[in-house]
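Peer 1: following is a predicted model, sequence given first.
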Amino acid sequence: MATERITFAENNIDSAHAALAQPVGQQGAAVAAIRAAEGAIGQAKTLLDAVDQAATNIQQARDGLPAALDELRADLTSAAGLTEFGGPDLTAAVTSATAALNATNADSDPLGAFHDAVTADAELDRAIAAASDRKLAVEDLRRRLDRTLTDATTRIDAASSFITTRRGGVDAESRTRLSEAQRHLDEARSLAESDPARALVSAQTAADLGGRALQQAQASVRAWESRQPMTGGGGSQTGAVLGGILLNEVLRGAMGGSRGGGSRGGGYRPGSYGGSSGSRRVSRGGRF
């Protein structure tokens, strides 16, 4: 191509000489011929410079290709650990990278091989970065879920313990909230592996309901205590009523008395809990 441009320039130079040999006023064609020759010479120079630069570029590609392929192999190894987070983008990038790695045109087309390796690695890097972000997000989500599950379990345990030991003074709303909290906690645990995002929502709901159940139960017990008469009776008896123990014993004792003919006094006697005076054991007619 450079030779053709030079030949074209020489022909136009000859044309320009011929035009300049014409009488004054008929030499206009010389300008166009000279400009055409100049353009052709400029392009010939560009073409010859490109040939020289190509030798440098090819050598650079040959020298840089091994490192590019090594990086491609390393990135493929990294991508293998991100399969579940990469999606179709990572799959496509891995396919392109593998094809570039296995190409056999490094000798016949080093520039092309180098380009393919660099391009494939850039695509793989982007896919790995996106997959890594998703992995970090999932790991962060799982850490938050673990912490929230612990918080919900702690709050529900506290509410359950409080309600169980004070059931005589706790209203139905507290128990309902506790039951709902436990249901959401069970749901969160069942979804923890398959859908951690939904599991986190359920765990947060469980923690909130558990806390509200405890607060409601505490308010209910305070209201119950405010209604109790200020008597000189032992605190243990009041505690037994609050815990729901004493009422159960009275009922059980009454049922046992009706079956067995009754015990002295027909049921509960202060200070006895259904047994003989001074004893904490249960009489034959009833049991805890």
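Peer 2: Now that the structure is in, tell me what you want to look at. Numbers count the residues shown, from 1 in each chain.
Peer 1: could you use CA atoms for every contact and neighbour count after this?
Peer 2: OK.
Peer 1: and the longest helix anywhere in the chain, what other elements does it pack with?
Peer 2: For the chain, the helix with the greatest residue count under DSSP state H is helix 110-164. Applying 3 or more CA pairs under 8 Å, 6 or more residues apart in numbering; DSSP states H and E, we find helix 110-164 packed against helix 29-80, helix 83-102, helix 172-191, helix 196-226.
Peer 1: tilt between it and helix 196-226?
Peer 2: Helix 110-164 runs at 20 degrees relative to helix 196-226, counting by axes from the mean of the first three to the mean of the last three CA atoms, to 10 degrees.
Peer 1: before we move on, back to that, identify whichever of the helices and strands packed on helix 110-164 lies nearest to N12.
Peer 2: helix 29-80 (4.9 Å; CA to CA).
Peer 1: could you list the low-pLDDT ranges of the stretch 1-150 of the chain?
Peer 2: Low-confidence segments of the stretch 1-150 of the chain (pLDDT under 70): 104.
Peer 1: how about a cut-off of 80?
Peer 2: Scanning the stretch 1-150 of the chain for pLDDT under 80 picks out the ranges 26, 104-107.
Peer 1: count of neighbours near the closest residue in space to A30 that isn't next to it in sequence?
Peer 2: Among residues not flanking A30 along the chain, A16 sits closest, at 4.1 Å (CA to CA, 6 or more residues apart in numbering). For A16, the count of nearby residues is 22 (other CA atoms under 10 Å).
Peer 1: just the one 3 residues further on next, same as before
Peer 2: Counted with other CA under 10 Å, the neighbours of A19 add up to 18.
Peer 1: that one: what's it in contact with?
Peer 2: Q26, Q27, G28, A29, A30 (CA atoms under 8 Å, 6 or more residues apart in numbering).
Peer 1: for G28, see how far away it is.
Peer 2: Relative to G28, A19 is positioned 7 Å away (CA to CA, to the nearest Å).
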